[in-house]
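S.K.: what's the 3D shape of this:
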Amino acid sequence: MSVSPQQAARAAALSDEALLLECEEQFFIASGPGGQHRNKTETGVRLIHKPTGFTVTATERRSQLQNRGAALERLRAAFVKLSYVPEKRIATRPSRGSKRRRLESKRITSEKKQGRRGGGDW
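M.R.: The predicted model follows:
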């Protein structure tokens, strides 16, 4: 399911509580360094944003609360990135003056290089 920029902008503008209400929260055992506390408790957090189907996880902390905050930040950052719409570019033509300056610069460079060629008496 693709997310439109409007949906992403709306989700990014929500408060943390409102965004959490729109998400399904799952907790799981996050393996890795951290010892017994991390390996025996469900500190990993997965947030699934129900309206868009977007999923993020956070497992780097030993605290479920800190992981929830990190997952929420990631979700918001993803929505901000998805809501960006590049500005429409308008094709323009170079002005007569800029064309003249560019060609003059090229002519000067050409003359420099031709001067270097000179007929050396070897």
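
S.K.: now for this structure, the helix or strand with the poorest mean pLDDT.
M.R.: Using mean pLDDT, DSSP states H and E, the weakest-scoring helix or strand in the chain turns out to be helix 35-40, at a mean of 72.

S.K.: next helix or strand past that helix?
M.R.: Reading on from helix 35-40 to the C-terminus, the next helix or strand found by DSSP states H and E is strand 44-49.

S.K.: just checking: what are the partner strands of that following strand?
M.R.: strand 23-28 (antiparallel), strand 54-58 (antiparallel) (DSSP bridges).

S.K.: can you list contacts of that strand?
M.R.: 11, 19-20, 22-30, 54-59, 64, 67-68, 70-72, 75 (CB atoms under 8 Å, 6 or more residues apart in numbering). From N, CA and C alone the C-beta is placed, and that goes for glycine too.

S.K.: select only the buried ones of those in ChimeraX?
M.R.: Buried subset of these, written as a ChimeraX selection, criterion 16 or more other CB atoms under 10 Å:
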select :11,19,20,23,30,54,56,57,58,59,64,67,68,70,71,72,75
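
S.K.: mind putting the strands paired with strand 44-49 in a markdown table, mean pLDDT and distance to Asn39 included?
M.R.: Shown next, in a markdown table, are the strands paired with strand 44-49 (pLDDT from 0 to 100; distance: least, CB to CB, whole Å):
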| stretch | mean pLDDT | distance to Asn39 |
| --- | --- | --- |
| strand 23-28 | 93 | 12 |
| strand 54-58 | 93 | 17 |
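
S.K.: switch the ones you listed over to JSON lines; also include distance to Ser110.
M.R.: Shown next, in JSON lines, are the strands paired with strand 44-49 (distance: least, CB to CB, whole Å):
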{"stretch": "strand 23-28", "distance to Ser110": "64"}
{"stretch": "strand 54-58", "distance to Ser110": "56"}
